[in-house]
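Colleague: here is the input, now give the coordinates:
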Amino acid sequence: MTQSLEPNVLPPPFPNHTQLPESNGEFVKNFQEHPQSLILTDSLGPILERIHPDGQYAIGQDCGIYWRQTEPPEKGAEAPDWFYVPNVPPKLDGQIRRSYVIWHEFIAPMIALEFASGDGSEERDRTPLSRSSQGEKTKPGKFWVYEQILRIPYYGIFEIKTNQLEVYHFVNGSYSPMNPNRRNHYPIEPLGIELGLLQGTYQNQTQIWLRWWDSEGNLLLTGSERAEQERHRAEQAELARTEAIPKLFAMGLTANQIAEALGLPIEDINSMGNPPNS
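Modeller: Residues are numbered from 1 along each chain as shown. Down below sits the predicted model:
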């Protein structure tokens, strides 16, 4: 007796970041989100360069983190306003990332930040994923996904309207609210930095911003702030040298000696005039 065997039918492979939507079609909620993300990424750059000399890390800004397969696909993703993932390549197979797909990466972000335009209820939603008796699935809350599925070690919620910041740390299977230190900052210990709030101007907006500090309380500067700081230092050094020239003449030094001591061209020394009583 001959028995025919049906061929094995394998399920389709899980989609990757190039096969999943990179947007759910919603607009960015306000004009503050983009510059806020830029401040965080720009100022953190030197720290990440030191921690990751090989460049193996990724930063997402309003990018989807896919954690389950759904129909439509974008319902299976959460999109933090800003997040950082250590020890992953910035590109995948030479392609720019379109999303972060947890079933291909297996590494959760270390920190996720939400800039709440409303009252923060969406960002604090702990509704678990569940199925009704009719088979309908309940959409899980953002907080629940970050805590119970992705298990992101640090989760921050910044309420823009009230300038309130709260940070949670994943401990023993759940999020615990963190207490700020004496500087009113929240330590992110794996990075050796602190997260807090600061009034300031960035681009053309003056308001309260989320900022980073090092573990000693020094503000981590953006590239433009570092350039301004260096310019100010150079101006101060130039002023100090200029003010020193007449004092050195008064001490009896020659123009050549002063030029050598201050590292200035002899022409600059001579332009300050002749020494007293010469």
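Colleague: so what's residue 88 up against?
Modeller: 56, 57, 58, 105, 107 (CB atoms under 8 Å, 6 or more residues apart in numbering). No exception for glycine: its C-beta is placed from N, CA and C like everyone else's.
Colleague: can you tell me the SS state at it?
Modeller: The three-state label given to residue 88 by DSSP: H, G, I helix; E, B strand; the rest coil is coil.
Colleague: how much space separates it from residue 186?
Modeller: Distance check for residue 88 against residue 186: by CB to CB, to the nearest Å, it reads 24 Å.
Colleague: next: residue 119.
Modeller: 21 Å.
Colleague: again, but for residue 168
Modeller: Counting by CB to CB - residue 168 and residue 186 are separated by 10 Å.
Colleague: shared neighbours, the two?
Modeller: Counting by CB under 8 Å, 6+ apart, the residues touching both residue 168 and residue 186 are 156, 178.
Colleague: what about the contacts of residue 88, which one has the most neighbours?
Modeller: Using other CB atoms under 10 Å as the neighbour test, the contacts of residue 88 are led by residue 58, with 20 neighbours.
Colleague: have a look at residue 119 and residue 186 and say which one is more surrounded.
Modeller: Taking other CB under 10 Å, residue 119 and residue 186 do not tie; residue 186 has more neighbours (21 against 11).
Colleague: what are the bridge partners for that one, then?
Modeller: With DSSP bridges as the criterion, residue 186 is bridged to residue 195.
Colleague: show me the contacts for it.
Modeller: Residue 186 makes contact with 156, 165, 167, 178, 180, 194, 195, 196, according to CB under 8 Å, 6+ apart.
Colleague: what comes into contact with the helix or strand hosting the second one?
Modeller: Taking DSSP states H and E as the criterion, the element that holds residue 165 is strand 164-171. Residues outside strand 164-171 that contact it (CB under 8 Å, 6+ apart) are 120, 147, 151-159, 175-178, 186, 195-197, 210.
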